[in-house]
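Chemist: What follows is a predicted protein model with its sequence.
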Amino acid sequence: MWTTRPNTSKAAIHCAVLLCLSAQPCLQAQQSGTSNDGVTLPTLPEVHGPFVLYAVNDPTSGKGAFSFEGHNIPPVIRVEPGGNIRVEYVNQMSTKSTELCVDGPCMNMTNLHFHGLHVSPHSPQDDVLSMMAMPGQSLHYMVDIPQNQPPGLYWYHTHPHGESYQQDLDGMSGAIVIDGIDRYAPEVRSMRERILILRDAELRENDATSSYLKERVQLSPTACGAAAGDPQRIFTVNGVVRPQIGIGPGEKQFWRIVNASPDFYADLEIDSEQLTVVALDGMPLGYHDPNRRTESLRHVLVAPAGRVEAIVTGPKPGVHASLRTRCVDTGSDGDPNPAMVVADLSATDATTDQFPSVTPHTSKAVYKTLSPTLVRTLESSTPEFIVTFSEDVHGFYVNDKRYSPSDGPLLTVKVGHYVHWRVVNHSHEIHPFHIHQVHFLVFQEDGKKTAQPEWLDTVNVTPEGSVDLIMDFTDPLIRGMSVFHCHLLKHEDKGMMAKILFQ
């Protein structure tokens, strides 16, 4: 896709990268006037009602893509609590794929998962088990958002077992915004809003474009953690390598960031500035604790599939600042996850770009508090269920079993209760645990109580480590067959997933 001749100029490579990743004309880069040849962060299309989404193949590379209104740029789905998502999903991919999935050539089957939403796992809602479209087929999703859905950033991506990794790597994903987060953090009202989707650009050996990409993002040349080998990816933002994000000196903006990579971690920080975090994994910090609206952090580790929503302050005049990801040690059996620059903060276009502001909401916030007595009781109880992640040369396992679509549920749970679970990692690499339909409270890591328990839908489990969770199984909407899995999607495709039946 990025093949270049050895004597290709740096400027030509730069243009090829921009055209390939963002469909932005090279003229924009040439006119930007920035010292590092950056382009501004692209605006993403939005939908507020029913729409049609196509799964297609790029005619040159054969890679999978989402097509919306004639362009391969997935829209942001924006909806209010109590609203709905209506999608006609049409599979126009080829019957013969040029890509390889975990068990051989991909079949180009596809579906959608609405990650993090507290909605039904039954068809035609967030059903990743029985809803599947082969090439030439369509799926009709009708997802009803509950009135008490926490407002925040969620996302959608394909979830066909065995092909999830490749489709997600190809970029078949998009953001979902449940409006109304200003009810929990009034600070964000009328701030300009940025939606940043982190995806991957692949690197190749002995390739001029890849060499340029490494240089452009200042990829750290030193070894990062215990993982062996050379980095295989860099991050893009909204399809662009190291874009410029316009922000005035001292201006406060509301950034909503989703890590849509299938297996790349983002430990995000901004030079000389703190992040004022408002929500993690779509869950406002104040949703369960009205007294905790924000948290100031120097950096935030965002796992694959994770999200962070934070207030960002523009640097002082004349001060350069970048959004970076730090080195992440994924373990001796993990993949290299080095430090790099993700984007630059720029005052040059801060007053000219057309990003929208957060719309104020007049309705009252809905809170879901847990009594301290209940939390202490659950924390001190014996886990009702233990999830064990393990791996060997043959595959990846949950409780010593490799997933098969024909499996029955690994367990059945009664809806209406909070439950103590423990997730144990018997491997030498990090595994991010994710369960569909619900959030959970992380209160203990590696046998030690966390300094600040957090509500998440995806949590890292360290090599040979564990996490203890309070699972929120109280919502009657979640009845039906669902799944939990490692969100390193190649691991999920190779068997690190299991079914759970909510009754």
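Modeler: Here it is on my side, so go on. Residues are numbered from 1 along each chain as shown.
Chemist: For the rest of this, base every contact and every neighbour count on C-alpha atoms.
Modeler: Noted.
Chemist: can you list the weak-confidence ranges in this structure?
Modeler: Flagging of the chain using pLDDT under 70 yields the residue ranges 1-38, 348-354.
Chemist: top strand in it by residue count?
Modeler: Identified as the longest strand of the chain according to DSSP state E is strand 192-202.
Chemist: SS state for residue 224?
Modeler: Of the three states, residue 224 takes coil according to DSSP: H, G, I helix; E, B strand; the rest coil.
Chemist: does it really touch residue 336, like I thought?
Modeler: Yes: between residue 224 and residue 336 there is a contact under Cα atoms under 8 Å: 6.4 Å.
Chemist: Check the contact lists of those two and give me the overlap.
Modeler: Common neighbours of residue 224 and residue 336 (criterion: Cα atoms under 8 Å, 6 or more residues apart in numbering): 328-329.
Chemist: Looking at these two, which one has more neighbours?
Modeler: A direct count of neighbours by other Cα atoms under 10 Å for residue 224 and residue 336 places residue 336 higher, at 25 against 22.
Chemist: OK, contacts around that one?
Modeler: So residue 336 contacts 223-225, 227-232, 328-330 (Cα under 8 Å, 6+ apart).
Chemist: wait, is it part of a strand?
Modeler: No: counting by three-state DSSP, residue 336 is not part of a strand but coil.
Chemist: Roughly how far does it sit from residue 232?
Modeler: As for residue 336, its distance to residue 232 is 8 Å (criterion: Cα to Cα, to the nearest Å).
Chemist: Residue 433 too?
Modeler: Distance from residue 433 to residue 232, counting by Cα to Cα: 23 Å.
Chemist: Just want to know which of these two has more residues nearby.
Modeler: Legend: neighbour count by other Cα under 10 Å for residue 433 and residue 232, higher for residue 433 (24 against 16).
Chemist: hang on, the earlier thing: and the contacts of residue 336, which of them are buried?
Modeler: The neighbour count (16 or more other Cα atoms under 10 Å) marks 223-225, 227, 230-232, 328-330 as buried among these.
Chemist: Strands - which of those residues land there?
Modeler: When those are checked against strands (DSSP E), there are no matches.
Chemist: For the residues you listed, give me JSON lines that also has distance to residue 294.
Modeler: Output for these, formatted as JSON lines (distance: Cα to Cα, whole Å):
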{"residue": "223", "distance to residue 294": "34"}
{"residue": "224", "distance to residue 294": "31"}
{"residue": "225", "distance to residue 294": "31"}
{"residue": "227", "distance to residue 294": "34"}
{"residue": "230", "distance to residue 294": "37"}
{"residue": "231", "distance to residue 294": "34"}
{"residue": "232", "distance to residue 294": "35"}
{"residue": "328", "distance to residue 294": "25"}
{"residue": "329", "distance to residue 294": "27"}
{"residue": "330", "distance to residue 294": "28"}
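Chemist: Which residue ranges of the stretch 201-350 of the chain form helices?
Modeler: Along the stretch 201-350 of the chain, counting by DSSP state H, counting those that start in this stretch, helices occupy 208-216.
Chemist: ok, now the stretch 1-150 of the chain?
Modeler: Per DSSP H, counting those that start in this stretch, the stretch 1-150 of the chain carries helices over the ranges 10-22, 26-31.
Chemist: tell me the contacts of residue 73?
Modeler: 44-45, 66-67.
Chemist: try residue 356
Modeler: 192-193.
Chemist: going forward, begin numbering at 11 instead of 1
Modeler: Got it, first residue is 11 now, which makes that one residue 366.
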